[in-house]
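A.B. asks: below: sequence and its predicted model.
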Amino acid sequence: MTEDFRARARLVPKGNRYEDFEVGRVFRHHWGRTITESESTLFSTLTLHFNPHYYNAAYAQAHGHPGVVANPLLVFTTVFGLTVEDLSEGGGPFLGVNELTYHQPVYPSDSLRAESVVLDRRTSDSHKGFGIVSWHSKGFNQREELVIDFKRTNLVRLRNPQ
């Protein structure tokens, strides 16, 4: 019988560690993501966001929008998600978001991308083997217009804890 592929598999560490986050370092997160009307409607329904701007085109148009507006919480979670591979996939608990600002509406078919800059870092006194890192993340649409920004903080594993 042929060898099971799992026997050849090797664990590849993912994400960055505390030492990789020098203050001022900029991450331009890859890919981006296009928001669709159906996912915004489904997200709004599943999260009980019954604001008609998010699912009623006539209502949204009557209030000055070209059509339905993408649910802002979906915009936030999408941009946040785009940052995870570079910033927090290496492991460590999420500590919070501050100064979240929506700069303009996002509409279905808008494509979002993200970038982040390291604001601060320090080793943790209470969680050995971890540091505390804060980033300022920004989300842009396909026209490079700022649509959202926020600051977030995580515990981040040290590469070689003492």
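C.D. replies: Looks like it arrived, so ask away.

A.B. asks: residue boundaries of the helices in the protein?
C.D. replies: With DSSP state H, the ranges of helices along the chain come out as 5-8, 37-46, 57-62, 72-87.

A.B. asks: using CSV, write out every CA atom in the second one.
C.D. replies: Included here for helix 37-46 are C-alpha records, laid out as CSV according to Å, rounded to 0.1, in the frame of the first residue of the first chain:
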residue,chain,number,x,y,z
GLU,A,37,-25.3,42.0,-1.9
SER,A,38,-26.3,38.5,-1.0
GLU,A,39,-23.7,38.1,1.7
SER,A,40,-24.5,41.5,3.2
THR,A,41,-28.2,40.6,3.3
LEU,A,42,-27.5,37.2,4.8
PHE,A,43,-25.1,38.7,7.3
SER,A,44,-27.7,41.3,8.3
THR,A,45,-30.4,38.7,8.7
LEU,A,46,-28.2,36.3,10.7
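
A.B. asks: residues in a beta bridge with Arg33, which ones?
C.D. replies: With DSSP bridges as the criterion, Arg33 is bridged to Leu112.

A.B. asks: hang on, the earlier thing: for Gly129, find the nearest of the helices of the chain.
C.D. replies: Set against Gly129 and scored by C-beta to C-beta, the helices of the chain come closest in helix 72-87, at 18.1 Å. Quick note: C-beta positions are derived from backbone N, CA and C, even for glycine.

A.B. asks: in that closest one, what's buried?
C.D. replies: Residues of helix 72-87 classed as buried: 72, 74-76, 78-80, 82-83, 85-87 (neighbour count, 16 or more other C-beta atoms under 10 Å).

A.B. asks: out of the residues you listed, which is nearest to Leu48?
C.D. replies: Distance to Leu48 across these (C-beta to C-beta) is lowest for Leu74, with 13.3 Å.
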